[in-house]
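1. The following block contains a protein sequence and its predicted model.
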Amino acid sequence: MAGMTRRQQLFADEYLVDLNAEQAAIRAGYSPRFARGNAHKLVAYSCIRDYLDKRMAEKDAKLVAKQDEVLKYLTAVMRGETESEIVVIEGCGDGCSNAIKMPKTPDETQRLKAAELLGKAHGIFRNESANVSVTVPVILKDDVHD
C-alpha cells in the first residue's frame, strides 16, 4: 500500500487478526514500550486507516450475504429445494436405540415463512389502508361585538 512502510503494513495485517493495537505492534516488530504508548496512533495514521478500512470492507463483502443471495435462498426454501439434517432416534431392540442423521426438506411452515419473507421483500403485501385527508374550517367568533 502506498505511503506505508513494511512494518506499518505488517502492523495493519496483525491488527486485523484481533483488533488489539498494542499486541499487533509488538508482533510487527515494534518494542513493547513503543507499542504500549503509541500503538493507537498507528491505527490513526491515514495510510494505515485507509488500508484497514479497505481490508475490512473486503472481509465484510465475503462474510455478509447480499440481497440477491438472501432472496435466492428464500426462494429455494419456499420451493422445497433445500435440505437440512435432523437427528432421529431409532429403536434397535432390547431397549437400545441409535441416533441417526437423516436429510429433511423444508416443511410447510418453513416454506410458508419463506414465502411470507419473499412477499414482504417484494412489497406484495402492501397495506391497503385508506389515507383520508380532512380540512376543517376554523371560525373565530368575536365575543365582544355580539
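-> Alright, I've got the coordinates.

2. Where does the closest residue to G29 other than its chain neighbours sit, in terms of helix or strand?
-> With sequence-adjacent residues excluded and distances taken as C-beta to C-beta, 6 or more residues apart in numbering, G29 is closest to R7, at 5.6 Å. Yep, even glycine has a C-beta here, placed from its N, CA and C like the rest. Assigned by DSSP states H and E, R7 belongs to helix 6-18.

3. Output the contacting helices and strands for that helix.
-> helix 21-27, helix 32-44, helix 46-63 (3 or more C-beta pairs under 8 Å, 6 or more residues apart in numbering; DSSP states H and E).

4. Pick the most deeply packed of those helices.
-> With neighbours defined as mean count of other C-beta atoms under 10 Å, the helices and strands packed on helix 6-18 peak in mean count at helix 21-27, which reaches a mean of 20.

5. Helix or strand: which one has D142?
-> D142 belongs to no helix or strand, assigned by DSSP H and E.

6. For it, give its distance to A12.
-> Here the distance between D142 and A12 works out to 76 Å (C-beta to C-beta, to the nearest Å).

7. out of those two, which sits in the more crowded spot?
-> Between D142 and A12, counting by other C-beta atoms under 10 Å, A12 is the more crowded of the two (24 against 6).

8. My guess is that one contacts R55. True?
-> Yes: applying C-beta atoms under 8 Å, one finds A12 in contact with R55, separated by 7.5 Å.

9. Can you read off the pLDDT for the residue most central in space within the chain?
-> Centroid-nearest residue in the chain: V64, 5.4 Å away (criterion: C-alpha atoms, centre = their mean). At V64, the model reports a pLDDT of 83.

10. if I look at it, how far off is M56?
-> Taking C-beta to C-beta, one finds V64 at 11 Å from M56.
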